[in-house]
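A.B. asks: Turn this into a structure:
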Amino acid sequence: SKTKHNEVAPGQHEMAPIYCDANTANDQNQLVMETMKKVAERHGLVCLLHEKPFAGVNGSGKHVNWSLSTDTGENLFSPGKTPSQNAVFLLFLAAFVKGVDEYQELLRCSVAFAGNDHRLGAPAIISVFLGSELQSIIDAIVGESDYTETERKTLRIGVDVLPSIPQDTTDRNRTSPVAFTGNKFEFRMPGSSQSIAGPVTVLNTIMAEELSRFYAVLKEAPDFNKALHDLVRKAFIEHGRIIFNGNGYEEAWVEEAARRGLANLRSTADALPTYVLPKNVELMMKHGVYTKEEMFSRHEIHMEKYRKVIHIEAATMVDMVQHEILNAASEYESKLCETMLRQHEAAPCHVEKSLANSIGILNDKLLEQTVTLKTALETAPVGASGEEEMRYYHDVVAADMDAVRDTVDRLETLTAGKYWPYPTFYDLLFSV
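C.D. replies: Residues are numbered from 1 along each chain as shown. You can find the predicted model right below:
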C-alpha cells in the first residue's frame, strides 16, 4: 500500500492496496482486513470495520477501482492518442454505461447488507459520473454536432482523435457512486466490512454481457467504422439517463432520477427483492457465474443474514438498556435528588433540578421504547416468506432501534461520565 492517511472522522484511516488482477486483489483485501484487526489487538486497540459505528460521523467504505486490460497490459479504459485507440476506449466506455444502466439493481444488490444501510442512507441511486470532458464528447457523438475546445467540427469514432482527458480526477465529484477517474471506474458504494468479490463479480459479468452483444453486432458489419459509430451512439442515446455529473446528495437529484426512471433502492429490504429479477438470473446463468438454484439460494442467504444481524443487534441493545443504561440513569437521577435535598435551603439547585427532571423523562421514555423493541422481537413473523420477514425487520425492528438509540444518545449527554456504564462517544472518538 502506498496510500495511508487519516480520514475525516476521528480515528478513521484510509489504506489503498496497490492494484492488481481482480482475484488477487480480493484475496489481498481479505488478508488486509484480518491483519489490521490482529495488529490493532496487539496494540490494545480495536479495528472497527463497521460501516457506520457512530451516528452523525462519517462512515467507512471501500472504493473499488475497476478497469479492464488486455493480456499485454493495455488499459482498455485509457483514452488513446490515435483514432483506433479512441475507438476502443469509446466502445468499452459505451459498454460500461449501458451495462450499469441495464443492471443497476443488481449492482445495488451487490452492496446491500445491514451495516451498509447505516452508511449509504438515502438516496441510493446508481449513476455514472464522467466529468465535463467526456460529457462534451458524448454529447457530440449523440447529437452528431460540434463540440468545443477542439478544431474538429464533428467527432467520428475511429476517425478523429479525442481531446485530452485529465488523469487521476478522483476528487471531482465525491457524491457519485460510480465515477470515471481518468483510466478506470471507481465504485464507491461497497461497505468497509464486505468482501469486494460480489461487486467485482457483478461488474465483470455485466461488462462481459455488453461486450458479447457488441461483438454480435460488429463481427459481420460490412462497414465496420460506421457500424461502430452507430453502435456507440445508440448506446449513449438509450442509456445516457444513468450519466449524472451533479451532486448525488441533493433532493433535486432524487426527483430527477425518478423522472429518468432510475431505481432508488434506499435500503437492503428495498434492494434484495430485485436480486432475482429474471434479467439478473438470466445474466448470471448465461455466463456460467451462478445457476438459477444458486441465485435463489444466495438470495435467501442474503435475506437471512440481514434478518439475523438486525435481530442480534436489537437483542443486544435491549440487554444493554435493561441491565445497564436504565439503572445508570436512575442512579444519577437519584444522586441529583439527594443533592437537592441536602442543599435546598442553602442554594436553589436549578441545575440539579433541571437535569433530574430531564433524565427522569428520558428514562421513562427509554423504558417504553425498549419494551416496544423487545415486543417487536418477540412477535417477529415466523413462517412468512423471506422477503416479508426482511421487510418486517427493516420497517419495525430497525425503526424501533433507531428510536431507542436516539433516546440513549440524549441520555448520554446528560449523565455524568462516571455513572455511564459504557465508553462515551468522547472516549471512543478522541482517545486514540
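
A.B. asks: Going by C-alpha atoms from here, please, whenever you check contacts or count neighbours.
C.D. replies: Will do.

A.B. asks: Just the strands from the stretch 1-150 of the chain, written as ranges.
C.D. replies: 3-6, 13-16, 64-66, 128-129 (DSSP state E, counting those that start in this stretch).

A.B. asks: no no, the stretch 251-400 of the chain
C.D. replies: Counting by DSSP E, counting those that start in this stretch, the stretch 251-400 of the chain contains no strands.

A.B. asks: Any chance of TSV for the strands of the stretch 1-150 of the chain, columns distance to Thr24 and mean pLDDT?
C.D. replies: Shown next, in TSV, are these (distance: least, Cα to Cα, whole Å; pLDDT from 0 to 100):
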stretch	distance to Thr24	mean pLDDT
strand 3-6	18	78
strand 13-16	14	88
strand 64-66	13	95
strand 128-129	26	96
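
A.B. asks: Let's have the ones you listed in a markdown table, adding mean neighbour count and distance to Arg298.
C.D. replies: Formatted as a markdown table, these follow (neighbours: other Cα atoms under 10 Å; distance: least, Cα to Cα, whole Å):
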| stretch | mean neighbour count | distance to Arg298 |
| --- | --- | --- |
| strand 3-6 | 10 | 34 |
| strand 13-16 | 14 | 29 |
| strand 64-66 | 19 | 22 |
| strand 128-129 | 25 | 27 |
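
A.B. asks: Can you add distance to Val46 and give those back as a markdown table?
C.D. replies: Below are the strands of the stretch 1-150 of the chain laid out as a markdown table (distance: least, Cα to Cα, whole Å):
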| stretch | distance to Val46 |
| --- | --- |
| strand 3-6 | 16 |
| strand 13-16 | 13 |
| strand 64-66 | 24 |
| strand 128-129 | 35 |
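
A.B. asks: Of the ones you listed, give the one that comes closest to Asn183.
C.D. replies: Of all those, strand 64-66 sits nearest to Asn183, with 9.2 Å by Cα to Cα.

A.B. asks: helices or strands next to that closest one in the packing?
C.D. replies: strand 185-187 (3 or more Cα pairs under 8 Å, 6 or more residues apart in numbering; DSSP states H and E).

A.B. asks: Pairing partners for the strand it packs on, with directions?
C.D. replies: Partner strands for strand 185-187, per DSSP bridges, with pairing direction: strand 64-66 (antiparallel), strand 178-180 (antiparallel).

A.B. asks: Need the contact partners of that strand.
C.D. replies: Strand 185-187 is contacted by residues 63-67, 177-180 when judged by Cα atoms under 8 Å, 6 or more residues apart in numbering.

A.B. asks: All the helices of the stretch 101-250 of the chain, residue numbers only.
C.D. replies: 104-109, 114-120, 131-143, 197-218, 224-239 (DSSP state H, counting those that start in this stretch).

A.B. asks: Can I get stretch 251-270 as PDB, trimmed to CA atoms?
C.D. replies: Written as PDB, here are the backbone C-alpha positions of stretch 251-270 (Å, rounded to 0.1, in the frame of the first residue of the first chain):
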ATOM      1  CA  GLU A 251     -33.000  16.200  -3.200                       C
ATOM      2  CA  ALA A 252     -33.300  17.600  -6.700                       C
ATOM      3  CA  TRP A 253     -31.300  14.600  -7.900                       C
ATOM      4  CA  VAL A 254     -33.900  12.200  -6.300                       C
ATOM      5  CA  GLU A 255     -36.600  13.900  -8.300                       C
ATOM      6  CA  GLU A 256     -34.600  14.000 -11.500                       C
ATOM      7  CA  ALA A 257     -33.600  10.300 -11.100                       C
ATOM      8  CA  ALA A 258     -37.300   9.400 -10.700                       C
ATOM      9  CA  ARG A 259     -38.100  11.300 -13.900                       C
ATOM     10  CA  ARG A 260     -35.300   9.400 -15.700                       C
ATOM     11  CA  GLY A 261     -36.700   6.100 -14.400                       C
ATOM     12  CA  LEU A 262     -33.700   5.100 -12.300                       C
ATOM     13  CA  ALA A 263     -34.100   2.900  -9.300                       C
ATOM     14  CA  ASN A 264     -33.800   4.400  -5.800                       C
ATOM     15  CA  LEU A 265     -33.400   1.400  -3.600                       C
ATOM     16  CA  ARG A 266     -32.900   3.100  -0.300                       C
ATOM     17  CA  SER A 267     -32.300   0.000   1.900                       C
ATOM     18  CA  THR A 268     -31.300  -3.600   1.800                       C
ATOM     19  CA  ALA A 269     -35.000  -4.500   2.200                       C
ATOM     20  CA  ASP A 270     -35.800  -2.400  -0.900                       C
END
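
A.B. asks: which residues touch the worst-scoring helix or strand of the chain on mean pLDDT?
C.D. replies: None of the helices or strands of the chain scores lower by mean pLDDT, DSSP states H and E than strand 3-6, at a mean of 78. If you take Cα under 8 Å, 6+ apart as the criterion, strand 3-6 is touched by 12-17.

A.B. asks: What sits closest to the residue nearest the centre of the chain if chain neighbours are left out?
C.D. replies: Centroid-nearest residue in the chain, with Cα atoms, centre = their mean: Met189, separated by 2.9 Å. Of all residues not flanking Met189 in the chain, Pro177 sits nearest, at 5.7 Å (Cα to Cα, 6 or more residues apart in numbering).

A.B. asks: Tally up the residues packed near that neighbour, please.
C.D. replies: By the measure other Cα atoms under 10 Å, the count of residues near Pro177 is 22.

A.B. asks: now swap in Thr175 and tell me
C.D. replies: As a burial measure, Thr175 scores 16 neighbours (other Cα under 10 Å).

A.B. asks: for Ile243, same thing?
C.D. replies: Using other Cα under 10 Å, Ile243 has 21 other residues around it.

A.B. asks: thinking it is in contact with Val128, fair?
C.D. replies: Yes: with contact defined as Cα atoms under 8 Å, Ile243 reaches Val128; the gap is 4.7 Å.

A.B. asks: Can you check which residues contact both of the two?
C.D. replies: Contacts common to Ile243 and Val128, judged by Cα under 8 Å, 6+ apart, are Val97.

A.B. asks: before we move on, back to that, go through the helices of the stretch 101-250 of the chain and pick out the most buried.
C.D. replies: Across the helices of the stretch 101-250 of the chain, averaging neighbours per residue (mean count of other Cα atoms under 10 Å) puts helix 104-109 on top, at a mean of 24.
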